[in-house]
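Q: What shape does this take:
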Amino acid sequence: METGSSRNREVPVEEAQRKAGVLIEALPYMQSFRHKTVVVKLGGKAMTDPSTTCRVLTDIVFLEQVGVRPVLVHGGGVFISDEMRRREVEPRFASGLRVTDEVTIGIAEEVIHGVNERLVATINDEGGRAMGLCDRKSYAVVARKHAPVRAEDGTEVDLGFVGEVVSIDTDMIGRLCEGNVVPVIPPLARDADGSVLNVNADVVASRVAGALGAEKLVFLSDIEGVWTEKDQPSSVASTLSESQIGELMSGGVISGGMLPKIRASLETLRAGVRKVHIVDGRIPHSLLLEIFTDKGIGTQIVHEGASE
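A: This next block holds a predicted model:
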């Protein structure tokens, strides 16, 4: 039995009841997602604030503790661009993808390794168990060189050391999840010759989710969700179907850097994953709010005809 000195008796009963209500609301979701895989992709400016990143990783630990099997895929493009500029190398993009020459891939590998190590260390510090799949022998992604893409001016661009995903090492990821260890997967891959390729992190998350048969994929970034009106953040949709997403893309509402994320979302649904969520990771505990509450806070993309 707990002693009185270890309990806070100054909390109003109404506040305690509200907290209990939150737990009760979360209960069916916890039961539904127990032993199921949830892939979380962390990226954008949601990674640049240490306190925001720490809150997200605490949420990851919470998921694992209640029986969910979280898999964390991370980006790092903001840090790569910052380091490139520091070294007087100007970042270049085409069709939303980073043009990656030999100098850039060296910077990217160095930066991403550092990001991966920090994420793993923070999860462990928060009471979880994590392992980074971030050396050339343990990359979970096998890729091949990306085909040239067409730039906005119509010219064809060779992306350099950028990869298209060929396969995912689901055995390695699955063993970690079964051992209650959170796999932390970087946006780097190896090709058939062992060379390192830079892969869009949204695509990695999508392919990992599909290969694992995940229950859902959650993109945590610095956007509130998917807008239904161009340049109007207040037009964020709660739920969108595949056809509605297609209309927003063809109408130019979804464009630029958002395109790879949306394309990855649609590919994830086609691979059999039930839902994809796009959530603002800067909001405290947005991951838990999206998964364990009735309303959620971001945009969920669902199969045609699905409403929940």
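Q: how about the helices in the protein?
A: 13-33, 50-65, 77-86, 102-125, 170-178, 201-212, 242-250, 258-270, 286-292 (DSSP state H).
Q: right, and these - which one's nearest Lys145?
A: Of all the helices of the chain, it is helix 102-125 that lies closest to Lys145, at 11.7 Å by C-beta to C-beta. Placement of C-beta: from N, CA and C, glycine included.
Q: sorry, back to before: tabulate the helices of the chain (JSON lines), appending mean pLDDT and distance to Pro187.
A: JSON lines is the format used below for these (pLDDT from 0 to 100; distance: least, C-beta to C-beta, whole Å):
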{"stretch": "helix 13-33", "mean pLDDT": "76", "distance to Pro187": "25"}
{"stretch": "helix 50-65", "mean pLDDT": "93", "distance to Pro187": "16"}
{"stretch": "helix 77-86", "mean pLDDT": "95", "distance to Pro187": "8"}
{"stretch": "helix 102-125", "mean pLDDT": "96", "distance to Pro187": "7"}
{"stretch": "helix 170-178", "mean pLDDT": "96", "distance to Pro187": "15"}
{"stretch": "helix 201-212", "mean pLDDT": "95", "distance to Pro187": "4"}
{"stretch": "helix 242-250", "mean pLDDT": "92", "distance to Pro187": "23"}
{"stretch": "helix 258-270", "mean pLDDT": "90", "distance to Pro187": "11"}
{"stretch": "helix 286-292", "mean pLDDT": "88", "distance to Pro187": "19"}
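Q: Can you say which of these is nearest to Leu133?
A: Closest to Leu133 of those, according to C-beta to C-beta: helix 170-178, at 7.1 Å.
Q: which residues sit against that closest one?
A: 37, 69, 71, 131, 133, 138, 140, 182-183, 185, 208, 211-212 (C-beta atoms under 8 Å, 6 or more residues apart in numbering).
Q: so who does Ile60 touch?
A: Applying C-beta under 8 Å, 6+ apart, the residues near Ile60 are 40, 70, 72, 123, 128, 182, 287.
Q: and if you look at Ala189?
A: 139, 141-143, 163, 165, 196-197, 199, 204.
Q: again, only this time at 7 Å
A: Ala189 makes contact with 139, 141-143, 163, 165, 197, 199 under the criterion C-beta atoms under 7 Å, 6 or more residues apart in numbering.
Q: which two from the residues you listed end up farthest apart in space?
A: Tyr139 and Val165 (11.3 Å).
Q: per-residue confidence for the closest residue to Met30 other than its chain neighbours?
A: Closest residue in space to Met30, ignoring its immediate chain neighbours: Val66 at 5.0 Å, by C-beta to C-beta, 6 or more residues apart in numbering. At Val66, the pLDDT value in this model is 91.
Q: Check the one 3 residues further on too.
A: With respect to pLDDT, Arg69 scores 96.
Q: Identify the residues contacting the most centrally placed residue in the chain.
A: Nearest to the geometric centre of the chain sits Lys41, at 0.8 Å (C-alpha atoms, centre = their mean). By C-beta under 7 Å, 6+ apart, Lys41 lies in contact with 73, 201-202, 205, 217, 219-220.
Q: Okay, it and Glu164: tell me how far apart.
A: 18 Å (C-beta to C-beta, to the nearest Å).
Q: Also Ala130?
A: When Ala130 is compared with Glu164 (using C-beta to C-beta), they lie 27 Å apart.
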